[in-house]
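Chemist: Please find the sequence and the predicted model below.
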Amino acid sequence: MKIRQLSAAVALALAGLAGAASAQTAQPLRISLTADIRSTEPGVNRDSNSDAVVLHIVEGLVAYGEDAEVRPLLARSVDISPDGKTYTFKLRDGVKFHNGKPLTSADVLWTWQHYTAANAGWRCASEFDGRGAVKVTGVEAPDAHTVVYRLEKPSSLFLASLARTDCGGTGILSKDSVRADGAWDKPIGTGPFELAEWKRGEYIRLTKYAGYANLDGKRDGYTGSKRPLVDEVRFMIVPDDSTAKAALQRGNIDVIEDVSNNDVPVLQGTPNVKVAYAPVMSMTALLLQTKDPVLSNPKMRQALAHAIDYKQLAAAVTEGLAQPNNSVVPLVSPYYDAAQKQGWNYDPAAAQKLLKEAGYKGQELAILTTKRYPQSYNSAVIIQAMLQSVGINAQLSVVEWATQLDRYNAGTYQMMTFPYSARLDAALNYEMVTGDKAKQPRKVWDNPEAQKLIDAASVDTDHAKRQASFDQLHKLFLADVPSIPLYNGLDIGAYRADVKGYQPWAVKKPRAWEVERVAK
């Protein structure tokens, strides 16, 4: 195998770490990242890798469970007032920061003020000041173990917003995380690991927090049991896929946290390497421009929907790992139920009948796609063939990702295969595709009735009421066919055989807790 060379710094870091590990009995758990983190401050100057590392160090009042449902973490309970505008959090006993100081409501209050201060740079400030779905009008600490948030109006998205990974989970910080002048120093949180060293461009080293106050029970996303079972974790910066795979095979890396589908068969056949995967909340879809002269006809869109063999497509582009899903609600969502399982049947005869009823005369329909995302591109190739087989003159238009994104935002396309990033609440899944096209051309579903249902689901906190809204939305979506959801993505991880407990999950971020080494 020919391996492309990385920078000397990365190569030396891998080699040096391998040598150090062989001289020690307690070998660090080494997890590869494709790029260095941007900062260690939760939700500030961040990206996905930054979030993944920081969320080993800090914890919030609530967090996403394995199924992306929000559950208590530093809070032992959450009470919502009857009018839905007051949230009372009772803090868990015995929780301490990495500096040994006990967690109190004063720390929660200080952290909130730190995040929401003018020019603080916290990504999620707009989610809580009224610019987004929530407006927090006040935060109080009536006693050392109680925190009260007051909202301007009810919102079912408040807890989900607190738990968001790009918000750093609204991780509660010790005041010692900042210097005397108020400038950021390093995260001092309550998580299972604490920051020991950040060697830029090479690795981030975390060490086990011996005083971690673990929740009882089993692992459950970012909450549940989070025992640190190794003394040290190193997130190794390895931008090149081939180098990461070679390092895994040699034993210089223990976990690759983001494996491409195409690499799965090779890694599954590699000695001393295991592969695991889980469905995630992202979605690949065929977008349809409903304002296009041809596609404005609902029967034409229905014909497209019945011309696609979804099982065959999902199997082909994901190496047989993913299942098809015609719902905007992801398979792993707690709101994916019997209604969401209903989709469009693959029925070429029905597709041809609908084409005639729509008055289709063989006009060319372009499918915009990009090779930047291989699964999305491969989906377009397969869809083109399936549409052509029923008499639709579908042609591919392959562009650079930046061009496709511009066309998506402007709504200037007929069809395109598009990979949506994960949303962790079903209302947000629908919000990403629904809206007034005159104001937001990137939206694909311009349906006032649907918007009312989404607005209701964004306010209701009762699961049954929200479920009813999502069920109605799905039926409307199947009838309108503003786009065609194809399948949800996968979180695929590869790891050495002596690593026990590593599990991919719906949020597609590595977790080093509950992971240990076993004797070969």
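Modeler: Nice, thanks for sending it over.
Chemist: Confidence-wise, which helix or strand of the protein is lowest on average?
Modeler: helix 8-22 (a mean of 48; mean pLDDT, DSSP states H and E).
Chemist: average pLDDT across the very next helix or strand once past it?
Modeler: Downstream of helix 8-22, the next assigned helix or strand under DSSP states H and E is strand 29-33. On average, the pLDDT along strand 29-33 is 97.
Chemist: ok, and K291, which helix or strand is that part of?
Modeler: Counting by DSSP H and E, K291 is part of no helix or strand.
Chemist: Same check on A427?
Modeler: Going by DSSP H and E, A427 is part of helix 426-431.
Chemist: same deal with R407?
Modeler: Using DSSP H and E, R407 sits in helix 401-410.
Chemist: what mean pLDDT does whatever helix or strand comes next after that helix have?
Modeler: Using DSSP H and E, the helix or strand that follows helix 401-410 in sequence is strand 415-420. Strand 415-420 shows an average pLDDT of 95 in the prediction.
Chemist: How about stretch 171-182?
Modeler: Here the average pLDDT along stretch 171-182 is 96.
Chemist: Mind listing what's buried along it?
Modeler: Neighbour counts over stretch 171-182 (16 or more other CB atoms under 10 Å) mark 171-174, 177-178 as buried. For glycine as for every other residue, the C-beta is placed from the backbone atoms N, C-alpha and C.
Chemist: next one: stretch 435-453
Modeler: Counting neighbours by 16+ other CB under 10 Å, one finds that the buried residues in stretch 435-453 are 435, 437, 441-447, 450-451, 453.
Chemist: Which elements pack onto the lengthiest helix in the chain?
Modeler: Criterion DSSP state H: the longest helix present in the chain is helix 463-480. The contact analysis (3 or more CB pairs under 8 Å, 6 or more residues apart in numbering; DSSP states H and E) places helix 463-480 against helix 298-306, helix 426-431, helix 448-459.
Chemist: any idea of the angle that helix forms with helix 298-306?
Modeler: Here helix 463-480 runs at an angle of 110 degrees relative to helix 298-306 (axes from the mean of the first three to the mean of the last three CA atoms, to 10 degrees).
Chemist: Residues touching helix 463-480, excluding its own?
Modeler: Helix 463-480 has contacts (CB atoms under 8 Å, 6 or more residues apart in numbering) with 156, 290, 298, 301, 326-329, 334-335, 337, 339-340, 342-344, 426-427, 430, 445, 447, 449-450, 453-454, 456-457, 460.
Chemist: ok, of these, which come out buried?
Modeler: 156, 290, 301, 326-329, 334-335, 339-340, 343-344, 426-427, 430, 445, 447, 450, 453-454, 456-457, 460.
Chemist: circling back to that earlier point, pLDDT (mean, whole number) over the helix holding R407?
Modeler: Here the average pLDDT along helix 401-410 is 93.
Chemist: Show me what counts as buried in that helix.
Modeler: 404, 407-408.
Chemist: want to try a markdown table for those, with distance to H145 as columns?
Modeler: Below are these laid out as a markdown table (distance: CB to CB, whole Å):
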| residue | distance to H145 |
| --- | --- |
| Q404 | 51 |
| R407 | 53 |
| Y408 | 47 |
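Chemist: Out of the residues you listed, which is nearest to A213?
Modeler: A213 has its nearest neighbour among the buried residues of helix 401-410 in Y408, at 44.9 Å by CB to CB.
Chemist: Not counting sequence-adjacent ones, nearest residue to that closest one?
Modeler: R442 (5.7 Å; CB to CB, 6 or more residues apart in numbering).
Chemist: isn't Q414 right up against L365?
Modeler: Yes - using CB atoms under 8 Å, Q414 is in contact with L365, at 5.3 Å.
Chemist: Number of residues surrounding Q395?
Modeler: Per other CB atoms under 10 Å, the neighbour tally for Q395 reads 12.
Chemist: hey, what's it bridged with?
Modeler: In this entry, Q395 is beta-bridged to A366, by DSSP bridges.
Chemist: for it, what are its contacts?
Modeler: Q395 sits in contact with 364-367, 384, where contact means CB under 8 Å, 6+ apart.
Chemist: Can you flag the buried ones in those residues?
Modeler: 365-367, 384.
Chemist: Reformat those as CSV; add distance to Q352 and pLDDT.
Modeler: Below are those laid out as CSV (distance: CB to CB, whole Å; pLDDT from 0 to 100):
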residue, distance to Q352, pLDDT
L365, 15, 98
A366, 21, 98
I367, 19, 98
Q384, 17, 98
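Chemist: which stretches of the stretch 201-350 of the chain form strands?
Modeler: Under the criterion DSSP state E, counting those that start in this stretch, the stretch 201-350 of the chain carries strands at the ranges 203-208, 219-220, 223-224, 232-237, 255-256, 273-288.
Chemist: quick one: the first one to chain centroid distance?
Modeler: With CA atoms, centre = their mean, to the nearest Å as the basis, the distance from the averaged C-alpha position of strand 203-208 to the chain average is 23 Å.
Chemist: Identify the residues contacting it?
Modeler: In this structure, residues lying in contact with strand 203-208 by CB under 8 Å, 6+ apart are 13, 17, 28, 37, 53, 56-57, 192-199, 228, 230-237, 512.
Chemist: end-to-end on stretch 89-109?
Modeler: Using CA to CA, to the nearest Å, the end-to-end distance of stretch 89-109 comes to 12 Å.
Chemist: Please identify the buried residues of it?
Modeler: Quick answer for stretch 89-109 (16+ other CB under 10 Å): 89-92, 95, 97-98, 103-105, 107-108.
Chemist: How about stretch 143-158?
Modeler: 145-149, 151, 154-158.
Chemist: ok, A247 touching D254?
Modeler: No - between A247 and D254 there is no contact under CB under 8 Å: 9.5 Å.
Chemist: what touches both of those two?
Modeler: Where contact means CB under 8 Å, 6+ apart, no residue is in contact with each of A247 and D254.
Chemist: Summarise which helices and strands the strand or helix carrying V53 is packed against.
Modeler: Using DSSP H and E, V53 maps to helix 48-54. Here helix 48-54 is seen to pack against strand 29-33, strand 232-237 when contacts are counted using 3+ CB pairs under 8 Å, 6+ apart.
Chemist: want to throw those into a markdown table with mean neighbour count?
Modeler: As requested, these are exported to a markdown table (neighbours: other CB atoms under 10 Å):
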| stretch | mean neighbour count |
| --- | --- |
| strand 29-33 | 26 |
| strand 232-237 | 24 |
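Chemist: possible to save these as TSV with distance to V481?
Modeler: As requested, these are arranged in TSV below (distance: least, CB to CB, whole Å):
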stretch	distance to V481
strand 29-33	39
strand 232-237	43
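Chemist: For D176, which three-state class applies?
Modeler: Counting by DSSP: H, G, I helix; E, B strand; the rest coil, the backbone at D176 sits in helix.
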